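Visitor: what would the 3D arrangement of this be:
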Amino acid sequence: FFDYLDDENGQDVQHMFNLLLQNGDSHRMEVYLQSKAGKATPCLLNPNLLKDLSGEVLGILVFIVDLTERKQMEDDLKKAMQAEKRFIATMSHEIRTPLTSILGFVDLLRDSQMAESQKELVQNISVSSHHLLSLINSILDVSKVEAGQLELTQEEINIEEVLSECGIIISNRVKNDVRL
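Guide: Numbers count the residues shown, from 1 in each chain. You can find the predicted model right below:
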């Protein structure tokens, strides 16, 4: 058995076996077993004391589980998560760039001459665009949370303004005969 372990793993497994024989502490351990051809296979060792009917220790019985598939799935999952983070960052940037232009044009429209009903429409576009930008920023924040890079800040808000903006966004979605 020890012939299939490298020196470091062999010492760790020997120490684990000694603890098991001394005080019955059984611990699982991940190691790489080397085949005769030199291929390293990730395995989980689960040693147990082998006893006779009287309780006398006869030896150590080790269950070995091949972890190759699990390790491959873990690697695939890591790659998929990295791809997802890159996708979110790229898409957020690609959406944010034209949205910033829209917000700039809305500001220019606000400064122009227009009827009161048009000003209200421009205000609705502005509020909805800012809301969309906030959602995009929130998506980026989620990816920052996953990467452990999010910094929280505390700031005051005007709750009446927030509720008013919510009302504008919602009113654009409901029928004309419903009043908020």
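Visitor: in this structure, which residue is closest to the centre?
Guide: With distances taken as CA atoms, centre = their mean, Glu146 lies nearest the centre of the chain, 4.4 Å away.
Visitor: next, the buried residues of the strand or helix carrying that residue.
Guide: For Glu146, the host element (DSSP states H and E) is helix 116-147. Along helix 116-147, the positions that meet the burial threshold by neighbour count (16 or more other CB atoms under 10 Å) are 122, 124-129, 132-133, 136, 140, 143. C-beta here means a position set from N, CA and C on the backbone, and glycine is covered the same way.
Visitor: need the longest helix for this structure.
Guide: helix 68-110 (DSSP state H).
Visitor: which helices and strands does that helix pack with?
Guide: With contacts defined as 3 or more CB pairs under 8 Å, 6 or more residues apart in numbering; DSSP states H and E, the packing partners of helix 68-110 are strand 40-51, helix 116-147.
Visitor: please name whichever of the ones you listed is nearest to Asp75.
Guide: Evaluated with CB to CB, the helices and strands packed on helix 68-110 place strand 40-51 nearest to Asp75, the distance being 11.0 Å.
Visitor: ok, then the element right after the closest one?
Guide: Sequence-wise, the next helix or strand downstream of strand 40-51 (DSSP H and E) is strand 57-66.
Visitor: report the angle between the longest helix of the chain and helix 116-147.
Guide: 160 degrees (axes from the mean of the first three to the mean of the last three CA atoms, to 10 degrees).
Visitor: leaving out the residues flanking it, which one is nearest to Val65?
Guide: Leaving out its chain neighbours, the residue that sits closest to Val65 by CB to CB, 6 or more residues apart in numbering is Leu44, at 4.3 Å.
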